[in-house]
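Enquirer: Sequence unavailable; structure follows:
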């Protein structure tokens, strides 16, 4: 049964394989840039990523080829998601994309606080006070873990910079 109210599986297979292909080409290109051969003291930095990128490229090309070869036989009947299911996925994807972009402006800790608190209010129907408290607690724990304990700096925004980190 063909209907315009659903997203066909074959389109999602092509989209995901295309994304993997793009990532693999990026990995391969950068591996070539930093060196992908075997040096006198062992493998260069891009040696292993280059071959992983090649495997990823081959796998994604295989998925694209298989999808295109079975295009007529499939007849577009395999459904990835109905329209309302796809809308639910977008309700998660869009805030997550905004969170990821906000990391570059606000830093990971402030962005995480806002993301966790907003999801608690929106999806969990928790109070603002409880949501902000939990979001702050999680961000503070992550800050202590990565910045203070592991000494591993993560992306920071203007607030952490103002605090001297």
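Expert: It's in. Keep in mind it's a predicted model, so treat the numbers as computed, not measured.

Enquirer: next SSE after the one helix or strand residue 65 maps to?
Expert: Per DSSP states H and E, residue 65 falls inside helix 47-69. As assigned by DSSP H and E, the chain's next helix or strand after helix 47-69 is helix 71-74.

Enquirer: Quick check: which helices or strands does that next one pack against?
Expert: On a contact count with 3 or more C-beta pairs under 8 Å, 6 or more residues apart in numbering; DSSP states H and E, helix 71-74 meets helix 9-34. For the C-beta atoms, the positions are set from N, CA and C on the backbone; glycine is no exception.

Enquirer: domain assignment for the chain?
Expert: Following automatic domain parsing, the chain resolves into domains at 1-77, 83-165.

Enquirer: Take the ones you listed and write them to CSV, including mean neighbour count.
Expert: Listed next are these as CSV, based on neighbours: other C-beta atoms under 10 Å:
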stretch, mean neighbour count
domain 1-77, 14
domain 83-165, 14
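
Enquirer: Kindly reformat these as TSV and extend each row with mean pLDDT.
Expert: Converted to TSV, the domains of the chain look like this (pLDDT from 0 to 100):
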stretch	mean pLDDT
domain 1-77	90
domain 83-165	93
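
Enquirer: can you tell me how far the closest residue to residue 20 other than its chain neighbours sits from residue 159?
Expert: Take residue 20 and drop its neighbours on the chain: the residue closest to it by C-beta to C-beta, 6 or more residues apart in numbering is residue 60, 4.0 Å away. Distance check for residue 60 against residue 159: by C-beta to C-beta, to the nearest Å, it reads 40 Å.
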